[in-house]
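A.B. asks: What shape does this take:
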Amino acid sequence: MLNLGLKNLGISKILAWSVLIVALLGLAEGFGFFTTALPAFFTWLFVAVGSGIALMNIKESEATSFMVATLVVGIGAGTLALLPTVGGALEAMLERVAQLVVPAAVVTGIKTIYNKSK
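C.D. replies: Coordinates of the predicted model:
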């Protein structure tokens, strides 16, 4: 069962929920629920939250799978536009998610290189 209560909601859970919120925001944007594009402020917010996700949530044992998943999101964002009807909406959603997870993957990569070079 999904627990949506705010009790014991730590920073790691807030960052994890941000991925879902950004995906829904991108999906809404893709289906045209916004009359204009999202302001640049959101892009900077997504980059900051993504970096926070990497610094606080991604463990060294999860680094490789996280970075591979980020590659899949990045590649998927570019190819889903080819689907008729829903392709544009899915592309917009994955582009917003990519704005969140790509900075996280870069920070995770830097952390991994640093930890391996010790």
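
A.B. asks: which stretches of this protein form helices?
C.D. replies: 11-30, 40-56, 63-79, 87-117 (DSSP state H).

A.B. asks: low-confidence ranges in this protein?
C.D. replies: For the chain, applying pLDDT under 70 flags the ranges 1-12, 15.

A.B. asks: Same list, the helices of the chain, but as TSV with mean neighbour count please.
C.D. replies: No exception for glycine: its C-beta is placed from N, CA and C like everyone else's. Rendered in TSV, the data for those read as follows (neighbours: other C-beta atoms under 10 Å):
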stretch	mean neighbour count
helix 11-30	16
helix 40-56	16
helix 63-79	15
helix 87-117	18
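
A.B. asks: Could you check how far stretch 14-21 is from the centre of its chain?
C.D. replies: 8 Å (C-alpha atoms, centre = their mean, to the nearest Å).

A.B. asks: Only the C-alpha atoms, please, for it, written as PDB.
C.D. replies: Backbone C-alpha positions of stretch 14-21 (Å, rounded to 0.1, in the frame of the first residue of the first chain) are rendered in PDB as follows:
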ATOM      1  CA  ILE A  14      11.100  14.400  -0.800                       C
ATOM      2  CA  LEU A  15      13.800  14.000  -3.500                       C
ATOM      3  CA  ALA A  16      12.300  10.700  -4.600                       C
ATOM      4  CA  TRP A  17       8.800  12.200  -4.900                       C
ATOM      5  CA  SER A  18      10.300  15.000  -6.900                       C
ATOM      6  CA  VAL A  19      11.000  12.600  -9.800                       C
ATOM      7  CA  LEU A  20       7.300  11.700  -9.900                       C
ATOM      8  CA  ILE A  21       6.200  15.300  -9.700                       C
END
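
A.B. asks: what residues does it touch?
C.D. replies: By C-beta atoms under 8 Å, 6 or more residues apart in numbering, the list of residues contacting stretch 14-21 from outside reads Val49, Gly52, Ile53, Met56, Asn57, Val97, Leu100, Val101.
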